[in-house]
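Student: Fold the following for me, if possible:
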Amino acid sequence: MSKELVPFKKGSAVVGPASSFLDRILNQSPYLPGATPVGREEPSTTDFSEIVYYLKMQGMPNGHLKAALAILVGMNSANLKNAIAIEIIDNDERNGGKVLDTCLPLVPHTFWVKFPMIPKDIFLRERETLKEKVIIEHDSIGYEKVAGDLNTLLDRQELIFTQTHFGKYGSGPQPITVSGPVGFISIAQDEQSCVLSHPSFLKIRLTSGEPPQDPNLIFDPKGASEMQNKQFKILLQRISSSFERLRPQPVSIPYKDVLLNYLSKTKNGPKGESFLNGLRIITLINNPPKLSKEEQVAKAWGCDIEMIEAATGIKVFPPETLVATKREYYIFWVIYSDLVRNDRVSLNPVQKRIREVVRDRNLKGLGTTWAAGETPAEKLIDISHADSVWASMDDIFKALEKDGGEPVGSTSTVRREVKELVDEGEIQEGKYPAPKNKNGYFVTSFDSEDTVSLPHPSEIEDPFLGKAKIKIQNPITGKIEEV
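Tutor: Next comes the predicted model:
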């Protein structure tokens, strides 16, 4: 590299002249400063963009960035008392391992724990170690024998064992409680290897990672000077230290009911609380506490924050309720929408083709008649009432013959697959008015149901801006968008 690395700085690249390094690091916050205020004119920037830039410098493919950010949110979750459980499904576990290993150094090692062996009494034995930690595992199969206890602990954040207690006056059963918050992040090679079975948990299928990262962005430690490598380590430490100083705080989500109502209509998808925890963590990361004199003194003297608070009577991190605004929701939407797998009965290839035919016919028929500002749920209601946009059985037959797929066989086969789709709730059946006297079909959701879609940020009413548009930086692409 011909240029020297400098610390993250909003609005600037991560490389710059060597002479500017000292000035920049001394003239900015030692921690990631948090998101800039939301406004109608000036775009809001976010620390997540800077974290993504670091991941890109590590060579992470663009197709893995959403999963990496979800992992980083999950790794901070137990420490911030909003525990999240994630299982990455990766047919080539080397990809999942690379993503996880790239994320691990960004999060303080005190936030997570990895066990070399998993005996049957692992949770009982390690109950003190587990509290406020995220369990990290590169192969889910290691927890297969304790999957029942694991699912109970992660769902209820509590696990109760009964042991026989021998005392002075005899023996008897004694309950022992393993308490959270406890999170979990692991990699499974396929569906059969997954150990998380409860709908409270998030499952993410890792894609191939395409497109690959721009080679001009990748930092090569072997080709860099000693100074450049030291600067790169400073960037890493700055992100890790920024996570470390975060504290649990209550987070208000004004549109919580809207989001939960939307997610409740996603058949067999994860419970809404898992998504809400992710939104809360994003809000905490996006709104770090201001750097105070007391915190600086604690760092300079090597004291715990709690010691400074006890000695001064001043709360270094005063309790404050944060609000998840449209800015936080946008970041949440960019990361999670169409990322988390919908844990449903998988459709066979013919059923997928039929569903796509019905959806495309519905959308094409509705055309430009959608009312401005309608939500997806409202548009689906319009489709269910407009028999002119439904797909008839004849429409389905003809489309399957022309879509370039494998021959589907007899018409009875298609009718049987259509009936199964109706029974599964993937499509609905309606009766055309006379004189047609036959059935038409329409979808119950626009997405393919392989992943969970979230409401677009334009549908979220911000408590400060209502539904007014805001300009904000997309943390994945770095581009300024208006939503």
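Student: residues contacting residue 245?
Tutor: The contact partners of residue 245, taken as CB atoms under 8 Å, 6 or more residues apart in numbering, are 31, 288-289, 295. Where C-beta positions appear, they are placed from N, C-alpha and C, glycine not excepted.
Student: Among those residues, which lie within helices?
Tutor: residue 295 (DSSP state H).
Student: with the contacts of residue 245 in mind, which one is nearest to residue 411?
Tutor: Taking CB to CB as the measure, residue 288 is the one of the contacts of residue 245 closest to residue 411, at 61.9 Å.
Student: got the phi/psi numbers for that closest one?
Tutor: phi -70, psi 150 (degrees, to the nearest 10).
Student: Helix, strand or coil: sort out the residue nearest to the spatial centre of the chain for me.
Tutor: Most central in the chain under CA atoms, centre = their mean is residue 70, positioned 3.6 Å from the mean C-alpha point. At residue 70 the chain is in helix, as set by DSSP: H, G, I helix; E, B strand; the rest coil.
Student: Apart from its chain neighbours, what residue comes closest to it?
Tutor: Nearest residue to residue 70 in three dimensions, chain neighbours excluded: residue 335, at 5.7 Å (CB to CB, 6 or more residues apart in numbering).
Student: Check which element follows the host helix or strand of that neighbour along the chain.
Tutor: Per DSSP states H and E, residue 335 falls inside helix 326-336. Using DSSP H and E, the helix or strand that follows helix 326-336 towards the C-terminus is helix 349-366.
Student: buried set for whatever helix or strand comes next after that following helix?
Tutor: Per DSSP H and E, the first helix or strand lying C-terminal to helix 349-366 is helix 376-385. Of all the residues in helix 376-385, those buried under the rule 16 or more other CB atoms under 10 Å are 376, 379-380, 383-384.
Student: Make TSV from those and add distance to residue 133 and pLDDT to it.
Tutor: Shown next, in TSV, are the buried residues of helix 376-385 (distance: CB to CB, whole Å; pLDDT from 0 to 100):
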residue	distance to residue 133	pLDDT
376	38	65
379	43	76
380	42	78
383	47	87
384	47	85
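Student: Just name the closest of these to residue 329, please.
Tutor: Nearest member of the buried residues of helix 376-385 to residue 329, counting by CB to CB, is residue 376, at 16.0 Å.
Student: got the residue ranges for the strands in the stretch 351-483 of the chain?
Tutor: Assigned by DSSP state E, counting those that start in this stretch, the stretch 351-483 of the chain shows strands spanning 391-392, 427-431, 439-443, 471-473, 480-482.
Student: cool, and the stretch 1-150 of the chain?
Tutor: 4-5, 15-16, 85-89, 112-113, 133-137.
Student: Export these to a markdown table and append columns for distance to residue 97, mean pLDDT and mean neighbour count.
Tutor: What follows is these, written out as a markdown table (distance: least, CB to CB, whole Å; pLDDT from 0 to 100; neighbours: other CB atoms under 10 Å):
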| stretch | distance to residue 97 | mean pLDDT | mean neighbour count |
| --- | --- | --- | --- |
| strand 4-5 | 26 | 41 | 22 |
| strand 15-16 | 28 | 40 | 16 |
| strand 85-89 | 9 | 94 | 24 |
| strand 112-113 | 15 | 96 | 17 |
| strand 133-137 | 11 | 97 | 23 |
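Student: Please produce a markdown table containing these, extended by distance to residue 250.
Tutor: Below are the strands of the stretch 1-150 of the chain laid out as a markdown table (distance: least, CB to CB, whole Å):
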| stretch | distance to residue 250 |
| --- | --- |
| strand 4-5 | 38 |
| strand 15-16 | 40 |
| strand 85-89 | 22 |
| strand 112-113 | 24 |
| strand 133-137 | 21 |
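Student: pLDDT below threshold where in this structure?
Tutor: 1-29, 37-42, 91-93, 165-170, 266-270, 343-346, 367-377, 435-436, 447-450 (pLDDT under 70).
Student: How is it partitioned into domains?
Tutor: 4-244, 349-443 (automatic domain parsing).
Student: how long is the last one end to end?
Tutor: Same thing as domain 349-443. In domain 349-443, first residue to last residue: 17 Å (CA to CA, to the nearest Å).
Student: re the thing from before, other residues contacting the helix holding residue 335?
Tutor: Helix 326-336 is contacted by residues 35, 38, 44, 46, 48, 66, 69-70, 73, 255, 275, 278-279, 282-283, 286, 324, 452, 454-457, 460, 462, 465, 470, 472, 474-476, 483 when judged by CB under 8 Å, 6+ apart.
Student: One more pass at 6 Å, please.
Tutor: 38, 44, 46, 48, 66, 69-70, 279, 282-283, 286, 454, 457, 460, 462, 470, 472, 475-476, 483 (CB atoms under 6 Å, 6 or more residues apart in numbering).
Student: Then stretch 341-358?
Tutor: 203, 205, 268-269, 391, 396, 399, 405, 408, 417, 421, 426-427, 441, 443, 449, 451-452.
Student: In PyMOL, how would I select the buried members of those?
Tutor: The following PyMOL line selects those of the contacts of stretch 341-358 that are buried, judged by 16+ other CB under 10 Å:
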select buried, resi 203+205+269+391+396+399+408+417+421+426+427+441+443+449+451+452
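Student: Please render the contacts of residue 245 as a markdown table that adds neighbour count and distance to residue 218 to the earlier fields.
Tutor: Converted to a markdown table, the contacts of residue 245 look like this (neighbours: other CB atoms under 10 Å; distance: CB to CB, whole Å):
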| residue | neighbour count | distance to residue 218 |
| --- | --- | --- |
| 31 | 19 | 25 |
| 288 | 20 | 28 |
| 289 | 17 | 33 |
| 295 | 17 | 35 |
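Student: Does residue 187 have any beta-bridge partners, and if so which?
Tutor: residue 88 (DSSP bridges).
Student: And for residue 428?
Tutor: Beta-bridge partners of residue 428, as defined by DSSP bridges: residue 442.
Student: related to what we said a few turns ago, figure out which of the domains of the chain is closest to residue 318.
Tutor: Of these, nearest to residue 318 by CB to CB is domain 4-244, at 16.1 Å.
Student: What separation do you get for the spatially closest residue to residue 179 that is not a sequence neighbour and residue 186?
Tutor: Leaving aside its chain neighbours, residue 179 sits nearest to residue 158 (5.5 Å; criterion: CB to CB, 6+ apart). Computed with CB to CB, to the nearest Å, the distance linking residue 158 and residue 186 is 20 Å.
Student: Right, I'll leave it there.
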